[in-house]
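Enquirer: here is a sequence with its predicted model. Questions after.
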Amino acid sequence: MEKFIAGKYINQGYYQSFQPNSINKEWFVSDMTVFNLLSKADRHLGRLDVYSEYVDIDLFISMHIAKEAIQSSKIEGTQTNMKDVFLNKNKVSIEKRNDWEEVQNYIAAMNEAVKMLHTLPFSSRLIKQTHKILLRGVRGKHKLPGEYRTSQNWIGGATIDDAVFIPPVQTTIPELMSDIEKLANDNQNPLPDLLKIAIIHYQFETIHPFLDGNGRVGRLLITLYLVNKGILKQPILYLSDFFERNRTLYYDNLMRVRTHNDLTQWIKFFLTGVIETSKEGVVTFDGILQLQKVLEDKLKTMGNRSGDARKVISYLYTKPVIDVSKVKELIEKSNVSAYKLIASLEKLEILEEITGYQRGRIYMFKDYIDLF
C-alpha cells in the first residue's frame, strides 16, 4: 500500500475535481502494524458475533440500528436522542421532527437493505435503493433519491469556489461505482474483507455519488458488507459512534488519503474503530444479560402481576418507550390494571416517567436505554 496513488486532480475550467484511481486490483500489504490491527479486529469481531448468540438478538437489533442511525445522522448535524427515536411522530416536538424523520428513514433503510441482501448482491442497485429510502420525504427529497448525481457536487465551503474537496465529475460515477462492486464481489481477490470494506468506504466517500446522504449511506455500507460476507450473522457492528467521537480524525484521515496517498493511516484508523466498537458491543451484550437477571429477580416479587410484566418487558426490549394505552393492549386488560402495572414497574425502577405531564404520560426503560 506504500505505492498506492489515490488519484489525480483534473482541470474542469475554474475548478479542479479529484479523479480516484481504480481499487479493484491486486493489493500488497507490508506494514506489520496493519497486520496486528487486522488480527485483533478479526478476533474481537468474531467474539462479538459469537457473543450475540447468547442473547435473543432479534429482540435487541432495533436498539443497535437506532443507535447507529442517531450517531451517523449526528455526524451530518442531525440531533436526536435514543428515547426520542422510539416516540410516535405526534409526540415529537415540532422543532425536532425533521431530525426525527431523518433518523427514522435511516432505520428503515438499514432494515430494508438487510432484507434485500437475501436476493441482491452488494451492488449499485442495493446502494441506490437504500439511498432512496434514506431520503424519502425528508430534507434531501429533491436531490435525486435513489439516483447517482448528474451534476458536480462539493464538500465543505459555501460554493464550489471555496470547497474543501471536489469529488469526481458526474460522468465517471457509473464506472467508478462498478469498480467498487467488482472489488466487493471478487472472491478470488485475496485481500481480507475488513481491508476491502475499509478501502470501499474511503472510495465511496471520495466518489460522493449522490447529491445528498453520501456519509450516511457510506457508513451504512460497512455493516451491510460484513453481513453480506457472513462475517456477521446479524447487523450488530456500527462504526458511526466511533466516527462521531473521533469526527476530526475521521475526516482528516479520509482527506489524507487524497492529499498524501496515505491509505495505510486510514486503514489503521478504521481497524481501530472495528476493535473498539466490537469490544463495546460485547460489553453491551453482557450488560443485557446482567439486566435480564436483575429483572427476573424483581419480577419474582410481583406475584400474579409478573406474567403481565413479562409481556411489557418483552415489548420494551424492542421499543423501550411506552404509554398506558400500549400497556393496556399488551396485557389485554382494563386501563386501571394497566396503570397499576405501570405503578408497580415504576416502584421497581424498571420504568421511568419522562414527560412530567399529568396526562399523556410516557415511560422509558431507562436501564436498558443506558446500555446503548
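Expert: On my side now, so go ahead. Numbering: from 1, shown residues only.
Enquirer: now do the contacts for the residue nearest to the spatial centre of the chain.
Expert: When CA atoms, centre = their mean is applied to the chain, the residue found nearest the centroid is Glu68 (3.4 Å). Residues near Glu68 by CB atoms under 8 Å, 6 or more residues apart in numbering: Tyr106, Met110, Arg219, Leu220, Thr223, Tyr238, Ser240, Asp241. In short, each C-beta sits where N, CA and C put it, glycine included.
Enquirer: list the buried ones in the host helix or strand of it?
Expert: Element membership for Glu68 (DSSP states H and E) is helix 57-75. For helix 57-75, the buried set under the neighbour-count rule, 16 or more other CB atoms under 10 Å, comprises 57, 60-75.
Enquirer: ok, now stretch 365-372?
Expert: Residues of stretch 365-372 classed as buried by neighbour count (16+ other CB under 10 Å): Phe365, Asp367, Tyr368, Ile369, Leu371, Phe372.
Enquirer: tell me where the chain has strands.
Expert: 7-11, 16-20, 321-322, 352-353, 363-364 (DSSP state E).
Enquirer: distance from the last one to the middle of the chain?
Expert: Distance of strand 363-364 from the chain centroid (CA atoms, centre = their mean, to the nearest Å) equals 24 Å.
Enquirer: for it, which strands pair with it and how are they oriented?
Expert: strand 321-322 (antiparallel), strand 352-353 (antiparallel) (DSSP bridges).
Enquirer: just checking, His44 touches Gly273?
Expert: No - counting by CB atoms under 8 Å, His44 stays clear of Gly273, with 11.1 Å between them.
Enquirer: higher neighbour count, these two?
Expert: Using other CB atoms under 10 Å as the criterion, His44 and Gly273 rank with Gly273 on top: 23 against 20.
Enquirer: now do the residue nearest to the more buried one when sequence neighbours are not counted against Glu280, distance only.
Expert: Nearest residue to Gly273 in three dimensions, chain neighbours excluded: Phe242, at 4.1 Å (CB to CB, 6 or more residues apart in numbering). To Glu280, Phe242 is 9 Å away according to CB to CB, to the nearest Å.
Enquirer: the two: which has the busier surroundings?
Expert: Phe242 (21 against 16).
Enquirer: list the contacts of the more buried one.
Expert: Contacts were defined as CB under 8 Å, 6+ apart; by that measure Phe242 touches Gly273, Glu276, Thr277.
Enquirer: closest one of the residues you listed to Val324?
Expert: Taking CB to CB as the measure, Val324 lies nearest Thr277 of the contacts of Phe242, at 37.0 Å.
Enquirer: mind showing which ranges of the stretch 101-250 of the chain have poor pLDDT?
Expert: Low-confidence segments of the stretch 101-250 of the chain (pLDDT under 70): 139-141.
Enquirer: repeat that with 50
Expert: Nowhere does the stretch 101-250 of the chain drop to pLDDT under 50.
Enquirer: gap between Ser123 and Ile199?
Expert: From Ser123 over to Ile199 (counting by CB to CB), the distance is 17 Å.
Enquirer: sorry, that was for Phe372
Expert: 29 Å.
Enquirer: surely Leu263 is in contact with Arg256?
Expert: No - in this structure Leu263 lies outside contact range of Arg256 using CB under 8 Å: 9.0 Å.
Enquirer: those two: who's more crowded?
Expert: The neighbour count for Leu263 versus Arg256, taken as other CB under 10 Å, is higher for Leu263 (24 against 18).
Enquirer: got the contact list for the more buried one?
Expert: Met1, Phe4, Ala6, Ile199, Tyr202, Val257.
Enquirer: tell me how far it lies from Asp308.
Expert: Distance from Leu263 to Asp308, by CB to CB: 56 Å.
Enquirer: in the helix ranked longest in the chain, what's buried?
Expert: Counting by DSSP state H, the longest helix found in the chain is helix 263-299. Within helix 263-299, the residues that count as buried by 16+ other CB under 10 Å are 263-264, 266-278, 280-282, 284-285, 288, 291, 295, 298-299.
Enquirer: so that helix versus helix 57-75, what angle?
Expert: Going by axes from the mean of the first three to the mean of the last three CA atoms, to 10 degrees, helix 263-299 is angled at 130 degrees with respect to helix 57-75.
Enquirer: next one: helix 263-299 to chain centre, how far?
Expert: With CA atoms, centre = their mean, you get 14 Å for helix 263-299.
Enquirer: next one: stretch 346-361
Expert: Distance of stretch 346-361 from its chain centroid, counting by CA atoms, centre = their mean, is 30 Å.
Enquirer: which parts of that stretch are buried?
Expert: Residues of stretch 346-361 classed as buried under the neighbour-count rule (16+ other CB under 10 Å) are Leu348, Ile350, Leu351.
Enquirer: which pLDDT value goes with the closest residue to the first one other than its chain neighbours?
Expert: Counting by CB to CB, 6+ apart, Lys298 is the residue found nearest to Leu348 once chain neighbours are left out, at 4.8 Å. Listed pLDDT for Lys298 reads 95.
Enquirer: how far away is Lys298 from Leu291?
Expert: Applying CB to CB to Lys298 and Leu291 gives a distance of 10 Å.
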